[in-house]
Structures are given as C-alpha cells and as structure tokens.
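Undergrad: need coordinates for the below:
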Amino acid sequence: MASQDEQDPRISNISSAIRVIPDFPKPGIEARGFIFGPPIALAIGAKFVPMRKPNKLPGEVLSEEYSLEYGKDTMEMHVDAVKAGERALIIDDLVATGGTLSAAISLLERVGVHVVECACVIELPELKGRERLGGKPLFVLVSST
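TA: Sure thing, here's the model as predicted:
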C-alpha cells in the first residue's frame, strides 16, 4: 500500500482506462452508479438503496428535483427504503455540478437519515459540485485535473 505522500499506482491505471465521451450523458442513458453501489454495500455489510429517475421504481416513492449542467431532472427513492436515524454513504460514478448528490442527500435527510459521506469514482472539479454538498465529506478516486 502506498503511503499518503505517494499515489497508489493503481489510481493512474484506473484514470488512464476511463473513456472520455464529450457531452455525455446523452438523453436516455443513466444509472451508471449501479455498477458501484451494490458491491460496495455488500463489502461493508450495508443495505443498498437505489435512487432512480422518475417511474423507474415500483411502489410509493419520494421525489426530489435538481439542476444539472444541462438542465433539470428528478430523483426518486422508495418511501420505506430507509428509516430515521440510519446512516448512509452515497455512491455515484461521477460528481460534476453536484446536483445528483445533493438531491440524494436531500431525499435521505428528509426522512431523518444521517448522510455520513459521499463517494464517486470521478470528479470534475471545474464544475464545483463539491460546493453543493453542504459540507458533506466527498471521497473521489480520480479527479479530472
């Protein structure tokens, strides 16, 4: 394991393997965070709570509208997915403007869940998404800078 002063060589391998697609996401393409959430939840012994775009989840949901760098969107979560007093780690693939993460934080906090941290594979720091997280810690594997 690399010391804190050294960067883990696996990080540069991960960074170099990420394909950059200009103007992504395209309409209709979403849910990439599902690649990371379930295995992390399993590894830490936590439950996985999906948050999706409208009409993707069955049953009763809570909704939160948020803004993106390319417009507005809505995120939904099952009303009975979490209970007041639980702790949560929010996982996503990318933090850009912070809209998706801030909507997830808002949904969880509305039902009394304590958001401990957010974690993303990639951060686009020039879009200042970290500033929209209300001071929540953000772990990032790869930064675009």
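
Undergrad: got a list of what the nearest residue to residue 81 once chain neighbours are set aside touches?
TA: Nearest non-adjacent residue to residue 81, counting by Cβ to Cβ, 6 or more residues apart in numbering: residue 49, 4.4 Å away. (Each C-beta comes from the backbone N, C-alpha and C, glycine too.) Applying Cβ atoms under 8 Å, 6 or more residues apart in numbering to residue 49 gives the contacts 77, 78, 81, 82, 88.

Undergrad: helix, strand, or coil at residue 49?
TA: coil (DSSP: H, G, I helix; E, B strand; the rest coil).

Undergrad: distance of it from residue 144?
TA: 28 Å (Cβ to Cβ, to the nearest Å).

Undergrad: related to what we said a few turns ago, among the contacts of residue 49, which one is most surrounded by other residues?
TA: residue 77 (22 neighbours; other Cβ atoms under 10 Å).

Undergrad: can you name the residues that contact that residue?
TA: 49, 50, 51, 57, 61, 62, 104, 107, 108.

Undergrad: before we move on, what about residue 105?
TA: 90, 115, 118, 133, 134, 136.

Undergrad: could you redo the last one with a cut-off of 10 Å?
TA: Residues counted as contacts of residue 105 (Cβ atoms under 10 Å, 6 or more residues apart in numbering) are 64, 88, 90, 98, 113, 115, 118, 132, 133, 134, 136.
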